[in-house]
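Asks: Build me a model:
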Amino acid sequence: METIEREPNRMAQAVANVARRINATVEEQRDSLDLSDCGLVSFPDGVFKMIRSCTDNIQKISLANNQIKALSNKFFLTFTQLRELDLQGNVLTTLPEAIGNMQHLISVDLSRNTLRVFPERLTDVSSLQHISVEQNHITELPMEKLSLMPALKSLDARSNPLTPETESLPHHFTLLT
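Replies: Numbers count the residues shown, from 1 in each chain. Purely as a prediction, here's the structure:
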């Protein structure tokens with residue numbers, strides 16, 4: 001009987017923890033939202049309502065080390081001023097189309113997820129300087145599109161089963177493989 005009671009309690013604590021962090025962001029008018037290590041399986045819909053007043057201030061979001069399977073277009077349409085996005089340590093298999101419209105995004109960390117295909121919409125983000133897809137299951141990189149990204153400085157693709165051809169294509173950014 002104890003284990004049954006403990007599980008909802010842990011969930012209630014997780015919800016309270018998320019609410020506390022969101023309130024701190026709103027009350028202190030922070031430019032970052034840290035929801036890392038919160039046991040999330042998705043970005044909670046309630047967060048959009050709670051944080052509505054300051055979404056334009058948010059420049060950095062960390063959702064690292066959760067169990068997030070997917071993010072919605074709504075997430076990227078809401079946080080339009082994002083410069084840094086940390087999604088490492090989740091179970092993402094893809095990113096929504098809307099990420100391609102992020103005009104201010106400089107850095108995205110997708111390391112330690114379950115991506116099989118490089119999220120090509122990232123190549124539409126002309127402001128992106130740093131991309132990490134370390135420790136995923138990606139076999140090919142869209143090198144041609146990546147080399148057309150004006151601001152790209154580094155792409156970390158270590159610990160992926162990349163084909164040898166991928167690495168040999170010419171590029172102007174630091175490619176870690």
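Asks: Quick check: Leu162 touching Leu176?
Replies: No: when contacts are counted by C-beta atoms under 8 Å, Leu162 is not listed as touching Leu176 (11.0 Å). Every C-beta, even on glycine, is put in place using the N, C-alpha and C of the backbone.
Asks: Next one: Arg21 from Cys54, what distance?
Replies: With distances taken as C-beta to C-beta, to the nearest Å, Arg21 is found 13 Å from Cys54.
Asks: On the three-state scheme, Gly46 is what?
Replies: Three-state call for Gly46 (DSSP: H, G, I helix; E, B strand; the rest coil): helix.
Asks: Tell me which residues touch it, please.
Replies: Listed by C-beta atoms under 8 Å, 6 or more residues apart in numbering, Gly46 has no contact partners.
Asks: Distance check, it against Leu87.
Replies: Counting by C-beta to C-beta, the gap from Gly46 to Leu87 is 20 Å.
Asks: do Asn9 as well
Replies: Using C-beta to C-beta, Asn9 is found at 28 Å from Leu87.
Asks: the more surrounded of these two?
Replies: A side-by-side neighbour count of Asn9 and Leu87, using other C-beta atoms under 10 Å, places Leu87 first with 23 against 9.
Asks: Could I get the pLDDT score of that one?
Replies: Looking at Leu87, its pLDDT is 98.
Asks: from what I can see it touches Val108, true?
Replies: Yes: using C-beta under 8 Å, Leu87 is in contact with Val108, at 7.2 Å.
Asks: Leu162 and Leu176: which has the busier surroundings?
Replies: Each of Leu162 and Leu176 has its neighbours counted (other C-beta under 10 Å); Leu162 has more, 17 against 11.
Asks: Torsion angles phi and psi at Asn17?
Replies: phi -60, psi -50 (degrees, to the nearest 10).
Asks: so it makes contact with Asp37?
Replies: No: using C-beta under 8 Å, Asn17 is not in contact with Asp37, being 9.0 Å away.
Asks: residues touching Asp124, list them.
Replies: Asp124 is in contact with Gly100, Asn101, counting by C-beta under 8 Å, 6+ apart.
Asks: again, only using 7 Å
Replies: Asp124 makes contacts with Gly100, as judged by C-beta atoms under 7 Å, 6 or more residues apart in numbering.
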